[in-house]
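Asks: Pasting the sequence and the predicted model now:
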Amino acid sequence: MYDTLKFEGDTLILIDQRKLPQKVEFFKCRDYRDVEFAIADMVVRGAPAIGAAGAYGVYLAASEFKNNSEEVFFKKVKEANKVLVKARPTAVNLFWAINRMEQAMKRNRNKPVSEILEILREEADNIAREDVETNQAIGKFGNEVIPQGATILTHCNAGALATVGYGTALGVIRAAHESGKNIKVYADETRPRLQGARLTAFELVEEGIPVTLIADSVAATLIRDGVIDVIVVGADRIASNGDTANKIGTFMLSELAVRFGVPLYIAAPVSTIDFDINDGSEIVIEERSPEEVTHIQGIQIAPDGVEVYNPAFDVTPAENITGIITEKGIIEPPYKEGIASLKSSQKKGDIDGQL
Ligand SMILES: CSC[C@H]1O[C@H](OP(=O)(O)O)[C@H](O)[C@@H]1O
C-alpha cells in the first residue's frame, strides 16, 4: 500500500486521494495553509488520517513562525491551529490531534523555540506512528468477531488510506484475511465521493482480498437475503453513549442490520471518541458542496439549478450497534460505562485555552 502521508525534509507529502485509483499522484504541503486545503478538499481524508495531517500542520506553522518573539510565536501558531481545526467539522480526530500538539506546546512553553519545534515534530511523528499500532490492535480485536468464511459488508473507506496505515474497518478485514479466515468483502461504492469504489476497492484489490463492488442501493437486498454475515464500518465521531457519526448511508445500513439480524460493528480508535458530548445529537454534520452530487469527476450528471442536500455523515444510534472495536478491546452495549472507562487512555487538550 502507498503511504497515506509522510513528512520529509520540511514538507508533508500526501497521496492525492482525489485522483485514485486512476492516478497515483502526491500533494506537497509546505505550510499549514496547504494542510488546511488538503483536508478541506479531501486530498487526505478519513478521521485518523486528517488528525495526523493536522498535527504536521501545527508543526509546519511552528516552523514558519519560529523566528518571531516568543509571544508572537505562540500567538501565530494558535491562530494557525484555529484555521486547521476548521478544515472539517465532524471527524473529532482533527480536534484531538491539534489539542495534543497544543498540550505539547503548553507543557514546554518555557523552553527555547528550537526545542519546542523538535518536541512538536516528535509529537506529530508519535501521532502518526501510534495510529498504525492502534489500527493493528483494532484489527486483532475485531478479528475475534469475524466468523470463518464470513462475508463482510463495509461502507466508504476506513482503510489504510483513511488512517496513517492498516486501517480501522479494513484493519479488521485485513486481520481476518491474514489469519486465514477466507473472508470476502462487499464494498459499497459510497456516493457521492465514491470512497468505496475508488479507495476501498483499490486497497483490497491491491492486496488480493476478495472484494465485490456494489452500488449503495444493492446492500439492502444482500442483507435481506442473508448474504452478509457482518457489517464493519469506521467512524468519525463517537459520543459518550455510543451514538456514532460515520459516512452518510451508515445509519440506513444499521436500520437494515437490526431488521434482518446482521451484526454491525464500528471500528475506531479511542481518539475518535468525543467524551465531551453525551449523544449523537451534539455532533456537527458537515455539509459539502452541491457539485459533489451533481458531478462525477467533473462530468455534470444533474440539471443546472437543481437543489442539492449533501450531508457527508449521518449518526447511527447506539442501539443499532453490536459493538465498538477499539485498540483497547471491544465495547459492548450499554456503551456509556464502557466508553467512560476509556477516557483516561485519551489525551485531551483545550484548543481555546492559553498556550
Ligand atoms: C477511519 S475513519 C474513516 C471514515 O472517514 C470517512 O469520511 P471521509 O472520507 O469523508 O473523510 C468515512 O466516514 C469513514 O468511515
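Replies: Looks like it arrived, so ask away.

Asks: residues from the chain in reach of the ligand?
Replies: Counting by CB under 6 Å from any ligand atom, the chain comes close to the ligand at 45-48, 156, 158, 162-163, 168, 195, 233-234, 236, 246-247, 312. Heads up, the C-betas are built off the backbone N, CA and C, glycines and all.

Asks: Apply 8 Å and report the result again.
Replies: Taking CB under 8 Å from any ligand atom as the contact definition, the chain meets the ligand at 42, 45-50, 88, 90-91, 93, 155-159, 162-163, 167-169, 193, 195, 233-236, 245-247, 250, 267-268, 272, 286, 312-313.

Asks: Okay, domains of the protein per the record?
Replies: According to automatic domain parsing, the chain comprises the domains 5-135, 140-348.

Asks: Among the residues of the chain next to the ligand, name the ones in helices.
Replies: 47-50, 93, 169, 195, 250 (DSSP state H).

Asks: Strands along the stretch 101-250 of the chain, start to end?
Replies: Remark: strands assigned in the stretch 101-250 of the chain by DSSP state E, counting those that start in this stretch are 151-154, 184-188, 211-214, 230-233, 237-238, 244-247.

Asks: Using just helix, strand and coil, how would you label the closest residue to residue 319 other than its chain neighbours?
Replies: Spatial nearest neighbour of residue 319, excluding adjacent residues (CB to CB, 6 or more residues apart in numbering): residue 333 at 7.2 Å. When classified by DSSP: H, G, I helix; E, B strand; the rest coil, residue 333 comes out as coil.

Asks: didn't residue 333 look like it was pressed against residue 318?
Replies: Yes: look at residue 333 against residue 318 with CB atoms under 8 Å: they come within range, at 6.5 Å.

Asks: Show me the common contact partners of the two, please.
Replies: Contact criterion CB atoms under 8 Å, 6 or more residues apart in numbering; residues shared by residue 333 and residue 318: residue 242.

Asks: So for the two, which sits in the more crowded spot?
Replies: Comparing residue 333 with residue 318 by neighbour count (other CB atoms under 10 Å), the higher total belongs to residue 318, at 22 against 15.

Asks: Mean pLDDT for the strands of the stretch 101-250 of the chain - can I get that in a markdown table?
Replies: Below are those laid out as a markdown table (pLDDT from 0 to 100):
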| stretch | mean pLDDT |
| --- | --- |
| strand 151-154 | 99 |
| strand 184-188 | 98 |
| strand 211-214 | 98 |
| strand 230-233 | 99 |
| strand 237-238 | 98 |
| strand 244-247 | 98 |
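
Asks: Same list (those) but as CSV, adding mean neighbour count.
Replies: Output for the strands of the stretch 101-250 of the chain, formatted as CSV (neighbours: other CB atoms under 10 Å):
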stretch, mean neighbour count
strand 151-154, 24
strand 184-188, 23
strand 211-214, 18
strand 230-233, 26
strand 237-238, 30
strand 244-247, 29
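
Asks: Neighbours of residue 280, how many?
Replies: Residue 280 has 21 neighbouring residues, counting by other CB under 10 Å.

Asks: what sits against it?
Replies: Residues in contact with residue 280 (CB under 8 Å, 6+ apart) are 239, 241, 243-245, 315-317.

Asks: at 7 Å instead, please
Replies: Residue 280 sits next to 239, 243, 245, 315, 317 when contact means CB atoms under 7 Å, 6 or more residues apart in numbering.

Asks: ok, and the most crowded of these?
Replies: In terms of neighbours by other CB under 10 Å, the contacts of residue 280 top out with residue 245 at 28 neighbours.

Asks: Thought residue 313 was touching it, still the case?
Replies: Yes: at 4.8 Å, residue 245 and residue 313 qualify as touching, with contact defined as CB atoms under 7 Å.

Asks: Now for those two: what residues contact both?
Replies: When CB under 7 Å, 6+ apart defines a contact, the residues bordering residue 245 and residue 313 alike are 90, 236, 285.

Asks: Turn the residues you listed into JSON lines, columns for neighbour count.
Replies: Output for these, formatted as JSON lines (neighbours: other CB under 10 Å):
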{"residue": "90", "neighbour count": "19"}
{"residue": "236", "neighbour count": "33"}
{"residue": "285", "neighbour count": "16"}
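
Asks: got these as a markdown table, with distance to residue 215 columns?
Replies: Output for the shared contacts of residue 245 and residue 313, formatted as a markdown table (distance: CB to CB, whole Å):
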| residue | distance to residue 215 |
| --- | --- |
| 90 | 24 |
| 236 | 23 |
| 285 | 23 |
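
Asks: okay, those in JSON lines with pLDDT next?
Replies: What follows is those, written out as JSON lines (pLDDT from 0 to 100):
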{"residue": "90", "pLDDT": "97"}
{"residue": "236", "pLDDT": "98"}
{"residue": "285", "pLDDT": "98"}
